[in-house]
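Trainee: I'll drop the sequence and a predicted model, then ask my questions.
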Amino acid sequence: MARSVTTQHKTIATVAAWVVALLIFFPILYTIITSFKSEQEAIQGFSIIPSGTFESYAEVQAQSGYFKFFFNSVLLSVGSTILALLVAIPAAWSMAFSPTKRTKDILMWMLSTKMMPAVAVLFPIYLIFRDTGLLDSRIGLMIMLMLINLPIVVWMLYTYFREIPGEILEAARMDGASLWNEIVYVLTPMAVPGIASTMLLNIILAWNEAFWTIRLTTTEAAPLTAFISSFSSPQGLFWAKLSAASTLAIAPILIMGWFSQKQLVRGLTFGAVK
Amino acid sequence: MATQQTRSLARFMMAPSVVLLFVWMIVPLVITIWFSFQQYNPLNPIRDGFVGFSNYALFYSNPAFLQSILNTLTLVVSVLLITVIGGIMLALLIDQPMWGQGIVRILVISPFFVMPPVAALVWKNMIMHPQYGVFADIARFFGAQPIDWFGQHPMLAIIIIVAWQWLPFATLILLTALQSLDGEQKEAAEMDGAGFISRFIYLTLPHMSRAITVVILIQTIFLLSVYAEILVTTNGGPGYASTNLPFLVYQKALLEFKIGQASAGGVIAVILANIVAFFAMRAVGKNLDK
């Protein structure tokens, strides 16, 4: 029996929720609006109807080569995610299907590496990167982002793999499937949704990582986080340009994020809240 | 049916993850601890050597140190208060029957996907700018003097920005927990004449307690190391007014090249994080047993 809901109650809830939601979304919305204004328009006080010019977008690309940074962001987030999956899938698989007494300890220890403040190892990492020539290289940063997110990837995969019923594997084994066949034909199809969710969340996290990506790059490997940070010192009239650059930097991940709300909850709470 | 063979295979499959994480965690940490007992300046390599705890003493006696610890804790506690209380209220609101709930959810969760430098710059220039920001427009509309947020209230400004980034996370987690609450229990409580407040205190809040714990712990981990938001807005200033511990360590290491002191600061940051991590691991570990 559903609770009886009066229309009045529903109307009040709707109005209140929409007002709060729009207030929270407002900084993003206003940035998108401003990105379609000219620089002159952007400083003429509050207005929510832009003239609809694309000149800021053109200028951002012309002045700073936006797409190089965008390309780096895509490469780093996708590359580091694939690397992390390659390393994490076997680990999560074995922990989920052949757990030992130490499995839980290993998982907890992996999680604990995530809690080490990045700043504590800033200088050693900086030295190692400098001496190995990895500073400002895409490979170096890709490895760095892979390591940062590896604990979350292992954990997330583990929570998904654990839900795959073990009996199916037993049955496959009874039917004489080799371990390799078991992985390829039985396990993989069942694991794909979990792997996809993990991938999605990890790309978002890697895309938005804003400590190592800023500190370990200068020009060549710099992704959008570093690009946007270069706007931190005002450069004359730059409100519309900043808005255009910001919109471009967040749009792809915002849209991906909307589709990954559930995975986000699960991934970031390490399976504690589903 | 784990045979000897599958067990050794499992170990083999786990090895890359474990080895990589171990090397990544232990090697830099050992170097940091080593540097924290050394006099080392890359610009002045002559005065190298073991100096005992003097880096710690120097870092500790730096007036910026206590300020940075205070700022770190202020930031963590304020943002936690805002996001947990705000998140509970928002989750309760969004959980009500309404039109367009899906869109409301999307709007509310969005700030979480905005990369930290963008979030900080948008707030700095579009919203809080003393001349062209929306807050200034509003102030002028009411005939008031616009506030110079980052000059006069740098910590408050950063707290607002960081809270804006994390409120969606808290809301989303708490909403997920709220929606798993048994509808029949709610109905039963309603039939027994429990009002909204007592339903909240005796039914909803206990049900959400685990999610609230998780939100607090995970946010604390991230909030202890807020960096980009400070870098692109106040750069730690004015003076040290908005410098937190990670930012102070960064300044010492890469701007002043006082590696020994920076490393000592890093070790202190690790200790601080470990205290938090201890409680975090216990909470998450409990969930693992279920």
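Mentor: Yep, that arrived.

Trainee: quick one: the helices in the stretch 101-250 of chain B?
Mentor: Applying DSSP state H, counting those that start in this stretch to the stretch 101-250 of chain B gives helices spanning B:101-109, B:116-121, B:134-141, B:149-152, B:154-179, B:183-191, B:196-199, B:205-223, B:228-232, B:245-250.

Trainee: buried ones in the strand or helix carrying residue A:263?
Mentor: Taking DSSP states H and E as the criterion, residue A:263 maps to helix A:261-268. For helix A:261-268, the neighbour count (16 or more other Cβ atoms under 10 Å in any protein chain shown) marks A:261, A:263-268 as buried. Where C-beta positions appear, they are placed from N, C-alpha and C, glycine not excepted.

Trainee: What of stretch A:175-190?
Mentor: Per 16+ other Cβ under 10 Å, stretch A:175-190 contains these buried residues: A:177, A:182-183, A:186-187.

Trainee: Reformat those into CSV and put secondary structure, pLDDT and distance to residue B:90 next to each item.
Mentor: CSV is the format used below for the buried residues of stretch A:175-190 (DSSP: H, G, I helix; E, B strand; the rest coil; pLDDT from 0 to 100; distance: Cβ to Cβ, whole Å):
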residue, secondary structure, pLDDT, distance to residue B:90
A:177, coil, 76, 49
A:182, helix, 77, 46
A:183, helix, 74, 43
A:186, helix, 78, 43
A:187, helix, 74, 40
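
Trainee: between the residues you listed, which is closest to residue A:44?
Mentor: Within those, proximity to residue A:44 (Cβ to Cβ) peaks at residue A:187, which comes in at 60.2 Å.

Trainee: Give me the pLDDT for the spatially most central residue of chain B.
Mentor: Nearest to the mean C-alpha position of chain B, by Cα atoms, centre = their mean, lies residue B:223 at 1.7 Å. Looking at residue B:223, its pLDDT is 88.

Trainee: In contact with it, which residues?
Mentor: Shown in contact with residue B:223 (Cβ atoms under 8 Å, 6 or more residues apart in numbering or on different chains): B:75-76, B:79-80, B:162, B:166.

Trainee: What about residue B:59, how many residues nearby?
Mentor: Neighbour count of residue B:59, defined by other Cβ atoms under 10 Å in any protein chain shown: 26.

Trainee: That one is in contact with residue B:264, isn't it?
Mentor: Yes - assessed by Cβ atoms under 8 Å, residue B:59 is found in contact with residue B:264 at 4.5 Å.

Trainee: if I look at residue B:183, how far off is residue B:161?
Mentor: 37 Å (Cβ to Cβ, to the nearest Å).

Trainee: Please disregard the earlier target; I meant residue A:230.
Mentor: 19 Å.

Trainee: which of the two has more neighbours?
Mentor: Remark: of residue A:230 and residue B:161, residue B:161 carries more neighbours, 28 against 15, as counted by other Cβ under 10 Å.

Trainee: The closest residue to residue A:38 other than its chain neighbours: what's it in contact with?
Mentor: Closest residue to residue A:38 apart from its sequence neighbours, by Cβ to Cβ, 6 or more residues apart in numbering or on different chains: residue A:53 at 5.4 Å. Neighbouring residues of residue A:53 by Cβ under 8 Å, 6+ apart: A:36-38.

Trainee: again, but for residue A:16
Mentor: Residues counted as contacts of residue A:16 (Cβ under 8 Å, 6+ apart) are residue B:93.

Trainee: so where does it fall, helix or strand?
Mentor: Element membership for residue A:16 (DSSP H and E) is helix A:7-35.

Trainee: can you pull the buried residues of the helix or strand following that helix?
Mentor: Note on helix A:7-35: by DSSP H and E, the next helix or strand toward the C-terminus is helix A:39-42. Neighbour-count burial for helix A:39-42, with 16+ other Cβ under 10 Å as criterion, is recorded at A:39, A:41-42.

Trainee: ok, and which of these reach chain B?
Mentor: residue A:42 (Cβ under 8 Å from any Cβ of the partner chain).

Trainee: Closest to chain B out of the buried residues of helix A:39-42?
Mentor: residue A:42 (7.5 Å; Cβ to the nearest Cβ).

Trainee: Against residue A:133, how distant is the nearest residue in space to the closest one that is not next to it in sequence?
Mentor: Distances taken as Cβ to Cβ, 6+ apart put residue A:239 closest to residue A:42, at 3.9 Å, once the chain neighbours are dropped. Computed as Cβ to Cβ, the residue A:239 to residue A:133 distance reads 39 Å.

Trainee: the more surrounded of the two?
Mentor: Set side by side, residue A:239 and residue A:133 show more neighbours around residue A:239, with 23 against 10, by other Cβ under 10 Å.

Trainee: The more buried one touches residue A:43, doesn't it?
Mentor: Yes - counting by Cβ under 8 Å, residue A:239 does reach residue A:43; the two are 6.0 Å apart.

Trainee: Give me the common contacts of these two.
Mentor: residue B:132.

Trainee: in the stretch 1-150 of chain B, which spans are strands?
Mentor: Taking DSSP state E, counting those that start in this stretch as the test, the strands found in the stretch 1-150 of chain B are B:38-39, B:49-50.

Trainee: quick revisit: a markdown table for the buried residues of helix A:39-42, including pLDDT and distance to residue B:214?
Mentor: Compiled in a markdown table, the buried residues of helix A:39-42 are given as follows (pLDDT from 0 to 100; distance: Cβ to Cβ, whole Å):
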| residue | pLDDT | distance to residue B:214 |
| --- | --- | --- |
| A:39 | 79 | 45 |
| A:41 | 79 | 45 |
| A:42 | 77 | 41 |
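
Trainee: Just name the closest of the buried residues of helix A:39-42 to residue A:21, please.
Mentor: The closest of the buried residues of helix A:39-42 to residue A:21 turns out to be residue A:42 (Cβ to Cβ; 25.0 Å).

Trainee: In this structure that closest one contacts residue A:36, no?
Mentor: No - between residue A:42 and residue A:36 there is no contact under Cβ under 8 Å: 9.8 Å.

Trainee: how does chain A divide into domains?
Mentor: Split into domains by automatic domain parsing, chain A comes to A:7-55, A:66-268.

Trainee: now the helices for the stretch 101-250 of chain A?
Mentor: A:103-113, A:122-131, A:138-161, A:166-174, A:179-181, A:188-208, A:212-215, A:224-229, A:239-258.
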